[in-house]
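Asks: after the sequence you'll find the predicted model.
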Amino acid sequence: MSQITRRAILGGIAATAAPLPAVAAPAPVQSPEERLEAAVSAVADILREINPAHTGVEIQQYSHYVFVGVKTPPKPVEWSGPGFYEVEWKRQNGKLCTPIFWLDRVDYKTVPGFYYRAESRWRGKLETTIRLQPEKIRIIRRRDEYAAVHGKTEKLCKGKGGQRSG
């Protein structure tokens, strides 16, 4: 037989009088679709936080994969000589497009400044030539590999007097 001491009784009373830790309520059971939607929105929020200059969030969700991405505008590059460039500009009808042009910089003869002579080519043949104001376009990237596909090289572009020929 074990003896109960005064110390054991006081310790037992103190243990029963101490506040019990709050028991968390059981989380409601979520379906896999609800858990996936919560995770996708959490990832989208994190991407927005990482990329504050984002232009939108792209979410594609299918039964076998989920894509979450933040659209960021490409960093513009500087014109570095005649060549094929992918540019972003608004057409006269207001639509934003990103065509690939052969760009050549032309200085104005009577006033300071310049413009770009943009040539649209297909299979080495000149389709159109337009003037693009530098403040109205954004050069996205240089596309040197485009010349190999569409048959235009610097040697073929130079005709008499520095003019382009098809």
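Replies: Happy to help now that I have it. Numbers count the residues shown, from 1 in each chain.
Asks: wait, isn't Gly69 in contact with Val57?
Replies: Yes - if you go by Cβ atoms under 8 Å, Gly69 and Val57 touch, sitting 7.3 Å apart. C-betas here are computed from N, CA, C, even on glycine.
Asks: shared neighbours, the two?
Replies: Taking Cβ atoms under 8 Å, 6 or more residues apart in numbering as the contact rule, Gly69 and Val57 both touch Leu47.
Asks: so where do the helices sit in the protein?
Replies: With DSSP state H as the criterion, the chain has helices at 6-17, 32-50, 145-150, 154-157.
Asks: now do the buried residues in the second one.
Replies: By that I understand helix 32-50. 40, 44, 47 (16 or more other Cβ atoms under 10 Å).
Asks: that helix - contacts with which helices or strands?
Replies: strand 56-61, strand 66-71 (3 or more Cβ pairs under 8 Å, 6 or more residues apart in numbering; DSSP states H and E).
Asks: what is the burial count for Arg91?
Replies: For Arg91, the neighbour count with other Cβ atoms under 10 Å is 9.
Asks: so who does it touch?
Replies: With Cβ under 8 Å, 6+ apart, Arg91 has these contacts: Cys97.
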